[in-house]
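Just to be clear, the model below is a prediction. Sequence and coordinates:
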Amino acid sequence: MNDQIFRAFNDQIREEFHSAWLYLSMSTWLENQNLQGFAHWMKVQATEEAKHAMKILEFVQDRGHQPLLQGIAEPPHQWKSALEVFEAALAHEKHITACFQKMMDQAHEAKDYAAIAFLNWFITEQVEEEKTTDEWVQKLRMVGESKGGLLQLDHQAAKRG
Ligand code: MG
C-alpha cells in the first residue's frame with residue numbers, strides 16, 4: 001500500500017466513524033421528537049457505519065500497516081424535520097460515494113489490485129445506501145405536512161432489523 005493509498009484509507013476510517021457519529025446524533029434528535037421508528041432506523045444505520053470503519057481498519061492492518069486514528073468532527077444536533085434529517089443523510093451518502101470513487105481512482109493509478117478488489121464492495125454498498133436513503137426522502141416528501149402520514153412512515157422505519 002503506497003503512502004497516498006494509506007492516507008486515503010486512514011481518512012476513510014475517520015469518514016465512516018463520522019458517519020456513525022452523525023447518524024447517532026440524528027437518532028437522538030428523532031427519539032426526542034417521539035419518532036422512535038426513525039430513531040431506531042438511524043441507530044441501526046450508525047452501527048452499520050461503525051462496521052464499515054472497522055472493515056477498512058482491518059484491511060489496513062491486513063496490508064501490514066498500523067491505522068492512524070484521527071479526530072472525528074462534532075456532528076450537528078438539531079434539524080427542522082424528519083425530512084430535513086433524511087435529506088442531510090442523503091447528501092452525506094453522496095459525499096461518501098465521492099470519497100470511494102476518489103479512492104478507487106487512486107487505487108487504479110497505483111495498480112493496487114488488492115485495494116481495488118476491497119473497494120468494489122464499498123462502491124456497490126453505496127448504491128444501496130443512496131437508494132434506501134433516497135426512498136425515505138421521497139416518502140417523507142410525499143406525506144408532506146400530514147402527521148398521520150409521518151407516523152405511518154415512522155412505524156414502517158421501526159421494522160428495520
Ligand atoms: Mg458507510
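Cool, got the structure.

element containing His18?
helix 3-32 (DSSP states H and E).

tell me what the following helix or strand past that helix is packed against?
Later in the chain than helix 3-32, the nearest helix or strand by DSSP H and E is helix 36-62. Using 3 or more CB pairs under 8 Å, 6 or more residues apart in numbering; DSSP states H and E as the contact test, the elements touching helix 36-62 are helix 3-32, helix 82-109, helix 113-143, helix 147-157. Where you see a C-beta, it was placed from the backbone N, CA and C, and this is true even at glycine.

can you give me the mean pLDDT across helix 36-62?
Averaging pLDDT along helix 36-62 gives 98.

mind listing what's buried in that helix?
For helix 36-62, burial by neighbour count (16 or more other CB atoms under 10 Å) applies to 37-43, 45-46, 49-50, 52-53, 56-57, 59-60.

Likewise for stretch 88-99?
By 16+ other CB under 10 Å, the buried positions in stretch 88-99 come out as Ala88, Ala89, Leu90, His92, Glu93, Ile96, Thr97, Cys99.

middle-most residue in this protein, spatially?
Nearest to the mean C-alpha position of the chain, by CA atoms, centre = their mean, lies Ser19 at 4.7 Å.

which residues touch that one?
Ala46, Glu49, His52, His92, Ile96 (CB atoms under 8 Å, 6 or more residues apart in numbering).

what angle do the helix holding His18 and helix 82-109 make?
170 degrees (axes from the mean of the first three to the mean of the last three CA atoms, to 10 degrees).

what about the residue found closest to Glu31 once you drop the neighbours it is linked to in the chain, distance to the ion?
Residue nearest to Glu31 in three dimensions, not counting chain neighbours: Ala39, with 3.8 Å by CB to CB, 6 or more residues apart in numbering. Distance from Ala39 to the ion, counting by CB to the ion, to the nearest Å: 19 Å.

Enumerate every residue touching Ala39.
If a contact means CB under 8 Å, 6+ apart, then Ala39 has Ser27, Thr28, Leu30, Glu31 as its contacts.

Go through those and say which is closest to the ion.
Ser27 (15.4 Å; CB to the ion).

was I right about the closest one contacting Met42?
Yes - using CB atoms under 8 Å, Ser27 is in contact with Met42, at 3.8 Å.

The ion contacts on this structure?
Contact residues, the chain versus the ion (CB under 5 Å from the ion): Glu49, His52.
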